[in-house]
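In: Next comes the sequence, and after it the predicted model I'd like to discuss.
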Amino acid sequence: MSEESRSRSTSKSPLFTKEGEPNGCVMAVTNSNGVVQALLTDLYQITMAYAYWKSGKMDEPAVFDLYFRKNPFQGEFTIFAGLEECVKLLQTFHFSESDVAYLKSVLPATTDPGFFTYLRTLSAKEITLSAIPEGDVVFPKVPLITVTGPLAVAQLLETPLLNLVNYASLVATNAARFRLAAGPEKILLEFGLRRAQGPDGGLSASRYCYLGGFDGSSNVLAGKMFGIPVKGTHAHAYVTSFVSLDEIQDKMLTTVDGQKEVDFVSLCKKYSLELAEVLDYLPDQIMEGELAAFLSYAKAFPQSFLALIDTYDVIKSGLPNFCAVAMALSDLGYRPQGVRLDSGDLSYLSNYVHSKFCKVAAKYNLPWFEKMTIVASNDINEETIHSLNQQGHTISCYGIGTHLVTCQKQPALGCVFKLVEVNGKARIKLSEDVEKVTVPGKKNVFRLYGTDGTALVDLLQQVSEPPPKKGQRVLCRHPIQESKRAYVIPAEVKCLHEVYWEKGEVRKPLPTLTELRAKASESLAALRQDHKRTLNPTPYKVSVSSALYTFIHELWLESAPIGELS
Ligand SMILES: Nc1ncnc2c1ncn2[C@@H]1O[C@H](COP(=O)(O)OP(=O)(O)OP(=O)(O)O)[C@@H](O)[C@H]1O
Ligand SMILES: O=P(O)(O)OC[C@H]1O[C@H](OP(=O)(O)OP(=O)(O)O)[C@H](O)[C@@H]1O
Ligand SMILES: O=C(O)c1cccnc1
Ligand SMILES: [Mg+2]
């Protein structure tokens, strides 16, 4: 099923309780989170800004790259997210009077008062931000964002930019991995708000899980703010709050055509007895409170009835009660939606439930009965889904919270922000760990595609070099290992970076969340399957041009003091 048709089918889904506002209207105006501001930074950015200012270096033109060194979740791809909020940070970046007053109280009393005057004048007007489009699949070492501008301001941006990109990209990637595991047909709902790392963790999770390929969220505020479809079922509390059918005060329900009022309670009771033979259960074993809960929920939502059936016993009580209420609804012209399983063996139980749905469908000649939704939840992670796929199941929708939003498998992405050039001169950061040596200088980034449309390699070049051309052979070198190199004849070449912010203005329209979601899906589709598999995926090649390779290694030698053995 295509991305589009999946979202179509979800919007019709009964789990869907309220369509969010059209996406983009809220996001286009302000930062999504009021705490994102110049002071949302590490103290050392401020102390460095002071020292840059003191030494007269603050306006030296500088270039910083934001990138990560290793893909998360033992995978070989990452989805880039958070860019829109980075651009919005630049739009609003300044130090208010109260910010400056606070910084005065924090910095030593000997701090030159001229620095505070300087801070008051700062904005991101002289900053240029180029980046890979949000939603694109990205790889280690490739600059996701390049920030060019006055050294002190660019430095001040380090922490907030990293904060905005790290979790957003991590959770979007996690969501994309759940989508790959579940397959394109399944409905994926994010249920993580209660388990998220605080309110902003919860909102960010909902937003970026949607970007990564989820279909909806239980998070109502995220629905309002970002236009994400909000969806949900009900909890065990609703079921356990009832003990008897006597609690149902109004027993009547109107038929779907509005023509007739029917004693819904009696009808449910009738089916509860009648179905015992069809479904092979003992009517005296069913929990009456559960039946009362289901039928009262059905009365509240006759058009979209979906019940949580594992409170007492799925087989002996939950499923029989659901089927009784579903049949009663059907008699009144409604289409019940399905069930949720939140414990037990989800493979076995989903298959059991589906087999009983088929029996009812056959007995009453109601083909839709066997197509009803089976939602599964309960601590589901990526591996659970792979395992369920192996075992066989009839789950049509997953509700996923804890593992998704907390990214339990890997809680941080580890993006870094490194200085690569000052005053037109490249800078290199050396490390014992060669993987941590920075790629110096301002660079252009290209993605080279093969004839089948899949991405072959990302190529970093010096900005002075002519870009690679389609159909022309280009040498791609491993940035560190001399022997690793390959000629590539690209069928297509894409320049990955675009300028998003320059001269105090947003330079490109920022896509809506729905567009970003489609972008992520397209970009992943252009990635070869072996890079996406769960077990031992093939690393995607990130390479440098010959000229950049030589440049890195010359600067490396220049910058590494020669040791002496004695
Ligand atoms: N067929 C299955 N294959 C693999 N994992 C499964 C399968 N069915 C359920 N799981 C997972 O196994 C775990 C079961 O957890 P646990 O034993 O705590 O739950 P439970 O006892 O079924 O439910 P609860 O404690 O909420 O009543 C969950 O993480 C669930 O997602
Ligand atoms: O399991 P997650 O992936 O985090 O998904 C969200 C969970 O939240 C709800 O119940 P909750 O966990 O609060 O209570 P329960 O475990 O007792 O059902 C729901 O029933 C899911 O189990
Ligand atoms: O709607 C649900 O079923 C839901 C929402 C949040 C957490 N668990 C379940
Ligand atoms: Mg739980």
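Out: All right, it came through fine. Numbers count the residues shown, from 1 in each chain. Ligands and ions are numbered 1, 2, ... in the order given.
In: ok, which residues in the stretch 101-250 of the chain are in contact with ligand 3?
Out: The stretch 101-250 of the chain comes close to ligand 3 at residues 191, 218, 232, 233, as judged by CB under 6 Å from any ligand atom. Just so you know, the C-beta spots here come from the backbone N, C-alpha and C atoms, and that holds for glycine as well.
In: and the gap between the third one and residue 314?
Out: Yep, that's residue 232 we're talking about. 20 Å (CB to CB, to the nearest Å).
In: Now rank the residues of the stretch 101-250 of the chain next to ligand 3 by neighbours and give me the top one.
Out: With neighbours taken as other CB atoms under 10 Å, the top of these is residue 233, carrying 26 neighbours.
In: Show the contacting residues for it.
Out: Contact partners of residue 233, counting by CB atoms under 8 Å, 6 or more residues apart in numbering, are 15, 306, 307, 308, 340, 375, 399.
In: Using the three-state scheme, assign the nearest residue to it once chain neighbours are set aside.
Out: Closest residue in space to residue 233, ignoring its immediate chain neighbours: residue 340 at 4.8 Å, by CB to CB, 6 or more residues apart in numbering. Secondary structure state of residue 340, per DSSP: H, G, I helix; E, B strand; the rest coil, is strand.
In: Phi first, then psi, for the most centrally placed residue in the chain.
Out: Centroid-nearest residue in the chain: residue 172, 2.3 Å away (criterion: CA atoms, centre = their mean). Per-residue torsions, residue 172: phi -60, psi -40 (degrees, to the nearest 10).
In: Isn't it up against residue 206?
Out: No. Contact between residue 172 and residue 206 fails when scored by CB atoms under 8 Å: they sit 11.4 Å apart.
In: residues touching the residue nearest to residue 402 when sequence neighbours are not counted, list them.
Out: Leaving aside its chain neighbours, residue 402 sits nearest to residue 195 (4.4 Å; criterion: CB to CB, 6+ apart). Counting by CB under 8 Å, 6+ apart, residue 195 touches 401, 402, 405, 406.
In: and residue 184, how many neighbours?
Out: Residue 184, neighbours per other CB under 10 Å, totals 13.
In: so how far is residue 210 from it?
Out: 16 Å.
In: Residue 112 now?
Out: 48 Å.
In: who has more neighbours, these two?
Out: The neighbour comparison of residue 112 against residue 210 (other CB under 10 Å) goes to residue 210, with 30 against 12.
In: number of nearby residues for the residue lying closest to the more buried one once chain neighbours are set aside?
Out: Counting by CB to CB, 6+ apart, residue 228 is the residue found nearest to residue 210 once chain neighbours are left out, at 4.7 Å. Residue 228 sits with 27 neighbouring residues when counted by other CB under 10 Å.
In: Just to be sure, residue 228 is in a helix?
Out: No. Judged by three-state DSSP, residue 228 forms no part of a helix; its state is coil.
In: does it really touch residue 219, like I thought?
Out: Yes. Applying CB under 8 Å as the test, residue 228 and residue 219 come out as touching, 7.5 Å apart.
In: which neighbours do the two share?
Out: With CB under 8 Å, 6+ apart as the test, residue 228 and residue 219 both reach residue 206.
In: Enumerate the residues of the stretch 151-300 of the chain near ligand 2.
Out: Residues of the stretch 151-300 of the chain lying near ligand 2 (CB under 6 Å from any ligand atom): 191, 194, 195.
In: And the last one, what's its pLDDT?
Out: The one in question is residue 195. Looking at residue 195, its pLDDT reads 97.
In: tell me the SS of residue 448?
Out: Reduced to three states by three-state DSSP, residue 448 is strand.
In: Now do the closest residue to it other than its chain neighbours against residue 283, distance only.
Out: Closest residue in space to residue 448, ignoring its immediate chain neighbours: residue 490 at 3.7 Å, by CB to CB, 6+ apart. Separation of residue 490 from residue 283 (CB to CB): 69 Å.
In: And for residue 456?
Out: Distance from residue 456 to residue 283, by CB to CB: 64 Å.
In: Between these two, which is the more surrounded one?
Out: residue 456 (22 against 14).
In: Any chance of the backbone angles for the closest residue to ligand 2 within the stretch 51-200 of the chain?
Out: Nearest residue of the stretch 51-200 of the chain to ligand 2: residue 191, at 4.1 Å (CB to the nearest ligand atom). Here is the backbone geometry of residue 191 (degrees, to the nearest 10): phi -120, psi 30.
In: Now do the closest residue to it other than its chain neighbours against residue 379, distance only.
Out: Spatially, and ignoring its direct neighbours in sequence, residue 191 is nearest to residue 401 (4.1 Å; CB to CB, 6+ apart). Counting by CB to CB, the separation of residue 401 from residue 379 is 8 Å.
In: Name the residue in the two with the higher neighbour count.
Out: Neighbours were counted for residue 401 and for residue 379 using other CB under 10 Å; residue 401 has more, 21 against 12.
In: Run through the residues that contact the more buried one.
Out: Contacts of residue 401 (CB under 8 Å, 6+ apart): 190, 191, 192, 193, 194, 195, 377.
In: Mark out where each domain of this protein begins and ends.
Out: Following automatic domain parsing, one finds the domains of the chain at 3-178+410-559, 233-372+386-392.
In: got a markdown table for those domains, with distance to residue 566 and mean pLDDT too?
Out: What follows is the domains of the chain, written out as a markdown table (distance: least, CB to CB, whole Å; pLDDT from 0 to 100):
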| stretch | distance to residue 566 | mean pLDDT |
| --- | --- | --- |
| domain 3-178+410-559 | 21 | 91 |
| domain 233-372+386-392 | 57 | 98 |
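In: one step back: mind checking which of the contacts of residue 401 land in helices?
Out: Members of these lying in helices (criterion: DSSP state H): none.
In: Looking at those, state which has the most neighbours.
Out: residue 190 (32 neighbours).
In: distance of it from residue 380?
Out: Counting by CB to CB, the separation of residue 190 from residue 380 is 11 Å.
In: Once you drop chain neighbours, what's closest to residue 181?
Out: Setting aside the residues directly before and after it, residue 181 is nearest to residue 385 in space (CB to CB, 6+ apart), at 4.1 Å.
In: give the contact list for residue 141.
Out: 67, 69, 439, 460, 479, 542.
In: Taking those, tell me the two that lie furthest apart.
Out: 69 and 460 (14.3 Å; CB to CB).
In: Looking at these two, which is more packed in?
Out: More crowded of residue 69 and residue 460, by other CB under 10 Å: residue 460, with 25 against 13.
In: Show me the beta-bridge partners of the more buried one.
Out: residue 445, residue 544 (DSSP bridges).
In: So it is in contact with residue 447, correct?
Out: No. Residue 460 is beyond contact range of residue 447, at 10.9 Å (criterion: CB under 8 Å).
In: And ligand 1, is stretch 170-178 touching that?
Out: No. Residues of stretch 170-178 contacting ligand 1 under CB under 6 Å from any ligand atom: none, with a closest distance of 12.8 Å.
In: For that stretch, C-alpha coordinates in CSV please.
Out: Only the C-alpha atoms of stretch 170-178 are listed here, as CSV (Å, rounded to 0.1, in the frame of the first residue of the first chain):
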residue,chain,number,x,y,z
LEU,A,170,16.9,9.4,16.8
VAL,A,171,13.1,8.9,17.4
ALA,A,172,12.3,9.4,13.7
THR,A,173,14.8,6.7,12.9
ASN,A,174,13.3,4.5,15.6
ALA,A,175,9.8,5.0,14.1
ALA,A,176,11.1,4.2,10.6
ARG,A,177,12.6,1.0,11.9
PHE,A,178,9.3,0.0,13.5
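In: Enumerate residues external to that stretch that contact any of its residues.
Out: Under CB under 8 Å, 6+ apart, the answer for stretch 170-178 is 71-73, 75, 77-81, 188, 190, 204-205, 208-214, 382, 385, 398, 400, 404-405, 407, 409-413, 520, 524.
In: For PyMOL, what selects the buried ones among those?
Out: Of these, the buried ones go into a single PyMOL selection, burial set by 16 or more other CB atoms under 10 Å:
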select buried, resi 71+72+73+75+77+78+79+80+81+188+190+204+205+208+209+210+211+212+213+214+382+385+398+400+404+405+407+410+413+520+524
